[in-house]
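> output the structure for:
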Amino acid sequence: MQAISTVQKAKGISFRFLVVAGTFLFSLLLFILITNEMVLENENSLDFAVFQKLKHITNASMTKVMLFITFFGSNYFLLPAYIFLIVYFLLFKKTRTLSLDVAAIGITSTVILFSLKAIFHRHRPLDPLVS
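Below you'll find the model as predicted:
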């Protein structure tokens with residue numbers, strides 16, 4: 001009985017797969033459009049539009065808040081966090097697969113980050129919000 005349901009699942013594409021594939025394709029298309037506009041054509045109109053919209057909330061305290069938030073996306077936070085999670089899953093939870101998953105995510109995301117930076121060489125705007 002279980003073998004029949006497995007075969008039926010294999011024949012049809014699941015709704016979850018369609019949602020994931022659709023989300024991936026939408027994200028890829030959006031990435032290509034942004035890359036074309038911002039990097040390849042070297043247009044800064046989106047940067048300036050965002051700067052204009054955020055100008056009224058730009059102040060010293062908001063800058064401190066934003067710098068605090070961006071710290072959590074930096075390597076100074078992420079690399080120790082990955083190491084902590086790997087050790088936690090290995091030693092305390094005794095789940096090797098989760099620790100390998102965290103290591104794989106950490107390595108691949110870092111490689112992708114530095115690869116994209118090396119490929120695009122996008123310069124910062126001339127008039128930054130933070131000086």
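
> what's next to stretch 23-43, contact-wise?
Stretch 23-43 is contacted from outside by N44, L46, D47, F120, R122, using C-beta atoms under 8 Å, 6 or more residues apart in numbering. (Glycine included, C-beta is placed from N, CA and C.)

> any of those residues buried? List them.
For these, a neighbour count by 16 or more other C-beta atoms under 10 Å gives an empty buried set.

> which one of these is nearest to V20?
Within the contacts of stretch 23-43, proximity to V20 (C-beta to C-beta) peaks at F120, which comes in at 26.2 Å.

> off-centre distance for stretch 85-102?
For stretch 85-102, the separation from the chain centroid amounts to 22 Å (computed by C-alpha atoms, centre = their mean, to the nearest Å).

> buried residues in the helix or strand hosting V111, which are they?
Element membership for V111, per DSSP states H and E: helix 96-120. By neighbour count on 16+ other C-beta under 10 Å, the buried set for helix 96-120 is S99, V102, A103, G106.

> then stretch 24-40?
With burial defined by 16+ other C-beta under 10 Å, the residues of stretch 24-40 counted as buried are M38.

> using PDB, write out every CA atom in the host helix or strand of L78.
Assigned by DSSP H and E, L78 belongs to helix 75-87. Taking C-alpha atoms only, helix 75-87 is exported to PDB below (Å, rounded to 0.1, in the frame of the first residue of the first chain):
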ATOM      1  CA  ASN A  75      31.600  38.100   8.800                       C
ATOM      2  CA  TYR A  76      32.500  39.300  12.300                       C
ATOM      3  CA  PHE A  77      29.200  37.900  13.500                       C
ATOM      4  CA  LEU A  78      28.400  35.100  10.900                       C
ATOM      5  CA  LEU A  79      31.600  33.100  11.100                       C
ATOM      6  CA  PRO A  80      31.600  32.800  14.900                       C
ATOM      7  CA  ALA A  81      27.900  32.000  14.800                       C
ATOM      8  CA  TYR A  82      28.400  29.300  12.200                       C
ATOM      9  CA  ILE A  83      31.200  27.800  14.400                       C
ATOM     10  CA  PHE A  84      29.000  28.000  17.500                       C
ATOM     11  CA  LEU A  85      26.100  26.300  15.800                       C
ATOM     12  CA  ILE A  86      28.300  23.500  14.400                       C
ATOM     13  CA  VAL A  87      29.900  22.800  17.800                       C
END
